[in-house]
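**Q** give me coordinates for this.
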Amino acid sequence: SHFEAAQRAGLDTPALHFDLGVCHYRLGDYPEARAAFSKAARHRPLAPLAHYNLGLVALKQGNHDRAVAWFERASRETDNPKLKQLAEDHVAALAGGKQPRWDAVVSANAGYDDNVLPPDDLSATGKGDGFVEAFAAANTRLAGSARERWDLDLSAYLLDYSEVNAYDFTAFRGGIHRRGRLGKASRWQAGAAMDRSYLDGEGYQSSVYLDADSRTQLTDRLALRLRYRYTYVAADPAFDYLDGHRNEGGAEAYYTAGKVRWHAGYRLEFNDRSGSHTSNTFTSYSPTRHTLLLGAGLPLAPAWRGEGEVRYRQSRYDETDRLANGSQVRREDDRTEAVLRLRRELTQNWELTGEYHYTDNRSNIDLYDYQRNLVTVGVSWVR
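**A** Numbers count the residues shown, from 1 in each chain. Just a heads-up that it's a prediction; the model follows:
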C-alpha cells in the first residue's frame, strides 16, 4: 500500500517498480508482478535481477519455456556469481525434467450467438441460439532439452448448441513439433499435425497441417512474430466442396507502452478448393484473404485485465459463382470484427473470462450479408 501511495504521489523509479514486483509476486498477483519487473528491467543495473524474477513469475504461471529464457538471460547479463548460479540452477532443473511432464490448458464456456455461423464460414444462418463449448490441449516433451525439444501436442474441441444441432461441432487434433531457440532473443517451432472433425456427430472433414512459427524479441518493448501454415483438407462426401488446400502466412508485432500491450498484424490466406457444383449453379470456396488487425491489453486492477481487438478482412474469390437465376458474379466480401474481453485471474492456475464479439460481413452477393453478436463467459485452467 505504501509503495502504491508513493507511485500515486509521483515517484517513478526502477527500484520502486522492482519493490512493487516483489510485493505482487508474494501476493500471487502474477500479471501485475510481471508488469512491474518488466519496468524495472529497463534500468540496466537492475535488469539481471529483474529478468531473474520474471523467470520466477513465468514458473508460477506454468510457462517453463519462457522461464528458461528469462533465467538464461539473467545468467548472461549478471556479474553477480550468486545470481548467476541461481539462474543456471533453474535452467538445469527445467532441462533435467523436474518440470511437470505435461503442460495443459482446459477451458469451458457458455454463451449466446444471435446469428449462428456454420464452420464452412460461407454465410450465417439467421438463427440465434445458446451454446456451451469446451477445449482441452496438452503437450509433453518427447526428446531433447528445454532449449531444443521434440513435443507431442494433443487437443480436443466441443461446441454444442441448444437447438441448432446441425452445427454441433467436435474436433480432435494431434501433432509433433520441434521447438527451440535461435540466438539469444528468438524462439521457433515447426512441425506437422492431423485433425478429424464432426458435425452433429457425423463425419465432416480430415486435415493435415504443416506449420512454422517464430517469435523474436527485437527490443525490451518490441517483439515480432512470423507464422506460416499449409493445410490439406479431405472432406467427407457430403462436404466434398471443401476438398483442397489452404496456405496461410502472417506477421504480428507486439509493443509495450507503459501498462498497455499493443499488437498489430497482417495475415494472407490462399485457398484452392473444389467448390460446390449442381446442374445449373456453382459456388466457389476458394477465397484469397487479406486481414489487418490491431489490439491492446492493459491491467484494470489487481488480477483484472481488459483486452480489445479490431480486424478487417477482405475476401476475393478466385472463381466466378453461377447463381440459380443464371447470372454470374465473382464474390467479394469485406468483414469487420470487434472483440472486447475481460479477464480475471482467480488463482495461479484458474482464470475467468468474459467476451463480446461483433461481426459485420458485407458482400456483393446479398445472400452473404450478415451481422453477428456473440457473447461468452467461461473459466480456464492452465498448468
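**Q** in the stretch 251-383 of the chain, where is pLDDT below threshold?
**A** 348 (pLDDT under 70).
**Q** the protein: helices as residue ranges?
**A** Along the chain, counting by DSSP state H, helices occupy 2-8, 14-27, 30-40, 47-60, 64-77, 81-95.
**Q** what's the closest of the ones you listed to Asn139?
**A** Asn139 sits nearest to helix 64-77 of all these, at 10.5 Å, using CB to CB. In short, each C-beta sits where N, CA and C put it, glycine included.
**Q** by how many degrees do the closest one and helix 81-95 diverge?
**A** 150 degrees (axes from the mean of the first three to the mean of the last three CA atoms, to 10 degrees).
**Q** identify each buried residue in helix 64-77, please.
**A** Buried residues in helix 64-77, counted by 16 or more other CB atoms under 10 Å: 64-75, 77.
**Q** mind pulling the model confidence for Leu226?
**A** Confidence at Leu226, expressed as pLDDT, is 97.
**Q** Gly10 and Lys84, how far apart?
**A** 36 Å (CB to CB, to the nearest Å).
**Q** can you tell which of the helices of the chain is closest to Arg229?
**A** Nearest of the helices of the chain (CB to CB): helix 64-77, 20.3 Å.
**Q** remind me what that closest one packs against, helices and strands.
**A** With contacts taken as 3 or more CB pairs under 8 Å, 6 or more residues apart in numbering; DSSP states H and E, helix 64-77 sits against helix 47-60, helix 81-95.
**Q** one step back: as CSV, the buried residues of helix 64-77 with distance to Gly180 would be great.
**A** Putting these into CSV (distance: CB to CB, whole Å) gives the following:
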residue, distance to Gly180
His64, 14
Asp65, 10
Arg66, 14
Ala67, 16
Val68, 11
Ala69, 11
Trp70, 17
Phe71, 16
Glu72, 13
Arg73, 16
Ala74, 20
Ser75, 18
Glu77, 21
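**Q** out of those, which comes closest to Gln205?
**A** Asp65 (31.6 Å).
**Q** ok, that closest one touching Arg179?
**A** Yes. At 7.2 Å, Asp65 counts as touching Arg179 under the criterion of CB atoms under 8 Å.
**Q** by mean pLDDT, show me the worst of the helices and strands packed on helix 64-77.
**A** helix 81-95 - the lowest mean pLDDT of the helices and strands packed on helix 64-77, at a mean of 84.
**Q** what about Glu148, how many neighbours?
**A** 12 (other CB atoms under 10 Å).
**Q** how about the nearest residue to it, chain neighbours excluded?
**A** Using CB to CB, 6 or more residues apart in numbering and skipping the chain neighbours, the partner closest in space to Glu148 is Gly180 (4.2 Å).
**Q** ok, how many other residues are close to the one you found?
**A** 17.
**Q** please name the bridge partners of it.
**A** Counting by DSSP bridges, Gly180 forms beta bridges with Trp188.
**Q** OK, contacts around it?
**A** Applying CB atoms under 8 Å, 6 or more residues apart in numbering to Gly180 gives the contacts Arg147, Glu148, Arg149, Arg187, Trp188, Gln189.
**Q** I'd like those as JSON lines, with distance to Arg311 appended.
**A** Shown next, in JSON lines, are these (distance: CB to CB, whole Å):
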{"residue": "Arg147", "distance to Arg311": "34"}
{"residue": "Glu148", "distance to Arg311": "35"}
{"residue": "Arg149", "distance to Arg311": "33"}
{"residue": "Arg187", "distance to Arg311": "25"}
{"residue": "Trp188", "distance to Arg311": "25"}
{"residue": "Gln189", "distance to Arg311": "24"}
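**Q** distance to Glu351 and pLDDT added to the residues you listed, as a markdown table?
**A** Converted to a markdown table, the contacts of Gly180 look like this (distance: CB to CB, whole Å; pLDDT from 0 to 100):
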| residue | distance to Glu351 | pLDDT |
| --- | --- | --- |
| Arg147 | 28 | 69 |
| Glu148 | 30 | 82 |
| Arg149 | 26 | 84 |
| Arg187 | 23 | 84 |
| Trp188 | 27 | 92 |
| Gln189 | 24 | 94 |
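**Q** check the gap between Ala87 and Ala69 for me.
**A** 11 Å.
**Q** between those two, which contacts overlap?
**A** Counting by CB under 8 Å, 6+ apart, the residues touching both Ala87 and Ala69 are Gly55.
**Q** need the contact list for Asn361.
**A** Ala124, Asp333, Asp334, Arg335, Tyr368, Asp369, Tyr370, Gln371, Arg372.
**Q** would you check how far apart the nearest residue to the third one once chain neighbours are set aside and Arg221 are?
**A** If the residues on either side of it in the chain are set aside, Asp334 comes closest to Arg362, at 4.9 Å by CB to CB, 6+ apart. Look at Arg362 and Arg221: by CB to CB, they are 36 Å apart.
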